[in-house]
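1. quick one: sequence plus predicted model below, questions after.
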Amino acid sequence: MAPRVVLVGPMGAGKTTVAGLLGAAWGLPVRDTDADVEAVAGRSVADIFVESGEQAFRDLERTAVAAALREHDGVLALGGGAVLDPTTRDLLRDHRVVFLRVGLSDAVSRVGLGVGRPLLLGNVRGRIKALLDERTPIYEEVAGLTVDTDGRTPEDVAREIEEALA
Ligand SMILES: Nc1ncnc2c1ncn2[C@@H]1O[C@H](COP(=O)(O)OP(=O)(O)OP(=O)(O)O)[C@@H](O)[C@H]1O
Ligand SMILES: O=C(O)C1=C[C@@H](O)[C@@H](O)[C@H](O)C1
Ligand SMILES: [Mg+2]
């Protein structure tokens, strides 16, 4: 068993949204590792960051990603920073990974004030720029396919993935 597709990309790329559309189109279950971490911890991602720190979140996330890659037979969306973990990157080599690319201005308009996204607190635009600069090469490294999402609807993005994997 393995996910049909694993979506990676920065906050605001549309991983959760597009995963839902692909699951509906294929009649497959959808899983999102941010939701898995929240279920295990019994707290929101934001609360875990504030109360226990980012490293505690990353430890929970590593375990949640490994479990989902092993068990989930549908569409899987990863948290935006999951690919920072070298163990996760190793595991992803055996999977169909799609990078949802988003540029700075579309990402900023999609995340709004960044509510619920603790890494964006204070300076949404500056934080997203830094994360895009730092992580884009990592997303490109783990993904077999990159799909541009700027100026496109989630439906259009999902359709491109469906066609590419058909
Ligand atoms: N292609 C798109 N065009 C316009 N808006 C979009 C697009 N994709 C997603 N959105 C909107 O952007 C917001 C963020 O999308 P979503 O939560 O799916 O991103 P994400 O990649 O899962 O982010 P995170 O890493 O924070 O979980 C949502 O309000 C969603 O409706
Ligand atoms: O890009 C990131 O590092 C994050 C993205 C979100 O999906 C959450 O996993 C959390 O807010 C951290
Ligand atoms: Mg998401």
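-> That came in fine, so what should we check first? Since we're looking at a predicted model, the values are computed, not measured. Numbering: from 1, shown residues only. Ligands and ions are numbered 1, 2, ... in the order given.
2. got a list of what whatever residue of the chain ends up closest to ligand 3 touches?
-> Closest residue of the chain to ligand 3, CB to the ion: T16 (3.3 Å). Backbone N, C-alpha and C define where each C-beta goes, glycine included. Listed by CB atoms under 8 Å, 6 or more residues apart in numbering, the contact set of T16 reads 32, 34, 77.
3. now with 7 Å?
-> Each residue near T16 by CB atoms under 7 Å, 6 or more residues apart in numbering is listed here: 32, 77.
4. ramachandran angles for it?
-> Backbone geometry at T16, expressed as degrees, to the nearest 10, gives phi -60, psi -40.
5. let me know the pLDDT of it.
-> Note for T16: predicted pLDDT of 94.
6. likewise R117?
-> So, for R117, pLDDT stands at 88.
7. what is the burial count for it?
-> 20 (other CB atoms under 10 Å).
8. which stretches in the chain count as helices?
-> Using DSSP state H, the helices found in the chain span residues 15-26, 33-41, 45-52, 54-71, 86-92, 104-111, 124-142, 154-165.
9. any idea which of those is most buried?
-> Among the helices of the chain, helix 15-26 has the highest mean neighbour count (mean count of other CB atoms under 10 Å), at a mean of 20.
10. okay, angle between it and helix 154-165 too, please.
-> Angle, helix 15-26 to helix 154-165, by axes from the mean of the first three to the mean of the last three CA atoms, to 10 degrees: 60 degrees.
11. from here on, call the first residue 490.
-> Right, with 490 as the first residue, what we last looked at is helix 504-515.
12. quick one: helix 504-515 near ligand 1?
-> Yes: for helix 504-515 and ligand 1, the contact criterion (CB under 6 Å from any ligand atom) is met by 504-506.
13. residue in this protein nearest to ligand 1?
-> Residue nearest to ligand 1 within the chain (CB to the nearest ligand atom): G503, separated by 2.7 Å.
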